[in-house]
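Asker: Build me a model from this:
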Amino acid sequence: MKGLLPVRDDQQAHVIVRLRERLLDEHGVADVVLARENHQSALHGRSQRQGPAGILSAPSTRVPVAEGASSLRRKPGLDRWPTDRWSMRVAHHRLLRARLPLARAAAVALALTVANAQDDAGGLIYLTYDNDFIVGSDDGYSGGIHLGYVSRAADSYADTAVPEAVGHALDRLPLLNRPGRQRFVVYTLAQVTYTPEDTAREDLVEDDLPYSGLLLFSATAAAQDADHLDALTLTSGVIGPASLAEEVQRELHRASGSNQPRGWDNQLGNEPLLNAQYDHRWRIWDFASSQRTNGDAIISGSAAAGNWRTMADVGIGLRWGLNVPKDYFVPPPFFGQESVGALSLTKDRARVAYVALGVDAALVGNLIQYDGNTFRDSHRVDHDPWIGRAYAGLHARIGRAIMVVSFVQATVPWDRPDGARWERWGRATLGWNL
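Answerer: As a prediction, this is how the structure comes out:
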């Protein structure tokens with residue numbers, strides 16, 4: 001029920017009124033008031049006593065109780081609708097024990113969800129598409145698709161999009177739980193593809209990057225305040241034919257009229273992946289250059305370990321423009337989740353347009369798309385441990401819509417057959433604030 005979409009205020013008030021009248025007519029349940037006291041959305045910002053006559057009763061209003069409803073009349077806690085999540089669950093339990101027919105109890109539960117749907121709204125969804133074809137190449141990091149969800153901010157992880165027991169466990173993690181912080185979670189499903197420079201060859205290109213595809217699911221718990229963001233990410237997935245990267249790339253090339261890659265028979269074998277990553281972002285400078293333009297500088301650092309990648313990353317991002325939001329939406333660590341910093345500290349809906357620039361460097365211990373399969377012999381490429389990267393992006397927000405176009409240039413840490421020392425790709429992101 002938590003996942004139901006919010007409804008308009010007039011629809012919400014109408015549902016509450018009709019359900020209350022039915023309960024009173026059929027059961028005389030006067031003590032069940034199907035609206036929270038001072039529920040601003042149902043009354044269009046006014047208190048109960050100032051609302052339209054007949055819509056919502058004040059908490060002290062009593063109606064004669066019909067015979068057979070005595071089991072509800074004396075139940076404590078039903079004189080007014082509870083405002084916290086725990087009391088709401090207790091109210092559900094008491095209604096069921098009051099021996100109302102199952103359909104009536106379900107209707108009351110539905111009214112509860114409708115009355116609170118707007119409170120559960122928030123967060124954002126996003127879709128990101130990477131491709132080096134945008135900048136005229138088709139090698140190295142060939143492309144990726146990322147679909148994700150960022151929950152609304154809450155005081156406790158138990159009130160975000162995780163099971164309650166998991167939320168309480170996250171609330172006890174010291175890295176994430178400094179006082180006064182907003183807490184939220186991020187879920188991402190991604191598919192990424194890597195190919196050698198010469199995709200016309202059918203044989204194994206031994207001195208270049210292996211063909212590989214990764215299908216990844218990431219879950220992130222994050223906490224932020226005005227100056228700092230911390231995030232802990234767990235990623236699971238698979239590399240190899242099971243990722244379906246070959247099929248996706250072939251369809252994309254067919255749709256775009258590009259030459260088909262011919263060496264996928266040499267891709268890395270199937271292997272399950274498991275990784276953990278910790279991120280920290282620190283806003284070291286926050287400035288306003290005029291009444292409407294502002295900017296900031298954010299330092300980021302991360303460390304990751306697992307059979308997908310073991311590496312550390314440090315970088316800095318600069319942002320300047322119109323109404324730069326109070327978030328941490330700077331270039332993520334290598335292979336990290338860009339959306340982790342996308343949730344704003346405020347709910348301002350002003351139009352946003354700004355430029356973002358960033359540089360970072362990574363020290364690589366292991367990277368499966370370079371080093372090959374962990375538990376079997378496979379193709380690999382010798383590479384330097386350091387990778388550098390530069391980022392430039394244009395960010396915009398109009399109403400609830402978010403649009404980002406960015407370009408990335410990274411060093412090539414292995415000796416490519418064509419001698420190239422840089423690889424480039426483009427990224428486009430569309431997001432929607434819920």
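Asker: beta partners of residue 319?
Answerer: residue 296, residue 356 (DSSP bridges).
Asker: if I look at it, how far off is residue 343?
Answerer: 16 Å (Cβ to Cβ, to the nearest Å). Glycine gets a C-beta too; all of them are placed from N, C-alpha and C.
Asker: Equivalent analysis for residue 307, please.
Answerer: To residue 343, residue 307 is 30 Å away according to Cβ to Cβ.
Asker: Looking at these two, which is more packed in?
Answerer: More crowded of residue 307 and residue 343, by other Cβ atoms under 10 Å: residue 343, with 25 against 17.
Asker: For the more buried one, report the pLDDT, please.
Answerer: Note for residue 343: predicted pLDDT of 91.
Asker: Could you check how far it is from residue 122?
Answerer: Distance from residue 343 to residue 122, by Cβ to Cβ: 9 Å.
Asker: Over to residue 412?
Answerer: For residue 412 relative to residue 122 (Cβ to Cβ), the value is 41 Å.
Asker: How about residue 215?
Answerer: In terms of Cβ to Cβ, residue 215 sits 29 Å off from residue 122.
Asker: Repeat that for residue 181.
Answerer: On the measure of Cβ to Cβ, residue 181 and residue 122 end up 16 Å apart.
Asker: Residue 230 now?
Answerer: Distance from residue 230 to residue 122, by Cβ to Cβ: 20 Å.
Asker: In terms of neighbours, single out the busier of the two.
Answerer: Neighbour count, other Cβ under 10 Å: between residue 230 and residue 122, residue 230 has more, with 21 against 18.
Asker: Identify the bridge partners of that one.
Answerer: The partner list for residue 230 in beta bridges (DSSP bridges) reads residue 223, residue 280.
Asker: low-scoring stretches of the stretch 101-250 of the chain, by residue?
Answerer: Where the stretch 101-250 of the chain drops to pLDDT under 70, the residues are 101-121, 133-139.
Asker: Which residue ranges of it form strands?
Answerer: Under the criterion DSSP state E, counting those that start in this stretch, the stretch 101-250 of the chain contains strands at 124-131, 140-150, 182-195, 212-224, 228-239.
Asker: quick one: contacts of the second one?
Answerer: Under the criterion Cβ atoms under 8 Å, 6 or more residues apart in numbering, residues 123-133, 161, 184-195, 197, 209, 248-249, 252, 337-339, 342-343, 410, 412, 423, 425 lie in contact with strand 140-150.
Asker: pull the CA atoms of it into CSV?
Answerer: Provided in CSV are the C-alpha atoms of strand 140-150 (Å, rounded to 0.1, in the frame of the first residue of the first chain):
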residue,chain,number,x,y,z
GLY,A,140,37.1,0.6,-24.5
TYR,A,141,34.0,1.6,-22.5
SER,A,142,31.6,1.1,-25.4
GLY,A,143,28.3,2.0,-23.6
GLY,A,144,25.9,1.5,-20.7
ILE,A,145,22.3,1.8,-19.6
HIS,A,146,21.4,2.7,-16.0
LEU,A,147,17.9,2.7,-14.6
GLY,A,148,17.5,3.9,-11.0
TYR,A,149,15.3,5.0,-8.1
VAL,A,150,16.2,7.4,-5.3
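Asker: Distance from the chain centre to the helix or strand containing residue 432, please.
Answerer: Element membership of residue 432 [criterion: DSSP states H and E] is strand 422-433. Here strand 422-433 is found 16 Å from its chain centre; the criterion is Cα atoms, centre = their mean, to the nearest Å.
Asker: Can you mark which positions in that strand are buried?
Answerer: Judged by neighbour count using 16 or more other Cβ atoms under 10 Å, the buried positions of strand 422-433 are 423, 424, 425, 426, 427, 429, 431, 433.
Asker: Out of the residues you listed, the closest to residue 155 would be?
Answerer: residue 433 (20.1 Å; Cβ to Cβ).
Asker: Could you check the pLDDT of the closest one?
Answerer: 92.
Asker: How about residue 378?
Answerer: 95.
Asker: number of nearby residues for the residue lying closest to it once chain neighbours are set aside?
Answerer: Distance criterion Cβ to Cβ, 6 or more residues apart in numbering; nearest residue to residue 378, sequence neighbours excluded, is residue 372 at 3.9 Å. The number of residues packed near residue 372 is 19, by other Cβ under 10 Å.
Asker: Tell me how far stretch 222-241 lies from the chain's centre.
Answerer: That offset, for stretch 222-241, works out to 10 Å (Cα atoms, centre = their mean).
Asker: Give me the buried positions along that stretch.
Answerer: 222-224, 229-233, 235, 237-241.
Asker: need those residues in CSV with distance to residue 327, can you?
Answerer: Below are the buried residues of stretch 222-241 laid out as CSV (distance: Cβ to Cβ, whole Å):
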residue, distance to residue 327
222, 11
223, 13
224, 8
229, 9
230, 14
231, 13
232, 18
233, 17
235, 22
237, 27
238, 32
239, 32
240, 36
241, 38
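Asker: helices or strands next to whatever helix or strand residue 314 lives in in the packing?
Answerer: Taking DSSP H and E as the definition, residue 314 sits inside strand 309-322. Secondary-structure packing of strand 309-322 (3 or more Cβ pairs under 8 Å, 6 or more residues apart in numbering; DSSP states H and E): strand 293-306, strand 352-367, strand 386-398.
Asker: Buried residues of the longest one, list them for me.
Answerer: In other words, strand 352-367. Quick answer for strand 352-367 (16+ other Cβ under 10 Å): 352, 354, 356, 357, 358, 360, 362, 364, 367.
Asker: next one: stretch 363-383
Answerer: So stretch 363-383, judged by 16+ other Cβ under 10 Å, has buried residues 364, 367-373, 378-381, 383.
Asker: among those, which are in strands?
Answerer: Within the buried residues of stretch 363-383, residues falling in strands by DSSP state E are 364, 367.
Asker: rewinding a little: please tabulate the helices and strands packed on strand 309-322 in a markdown table, including the columns mean pLDDT.
Answerer: A markdown table is the format used below for the helices and strands packed on strand 309-322 (pLDDT from 0 to 100):
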| stretch | mean pLDDT |
| --- | --- |
| strand 293-306 | 96 |
| strand 352-367 | 96 |
| strand 386-398 | 95 |
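Asker: got a markdown table for those strands, with distance to residue 172 too?
Answerer: Converted to a markdown table, the helices and strands packed on strand 309-322 look like this (distance: least, Cβ to Cβ, whole Å):
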| stretch | distance to residue 172 |
| --- | --- |
| strand 293-306 | 21 |
| strand 352-367 | 30 |
| strand 386-398 | 35 |
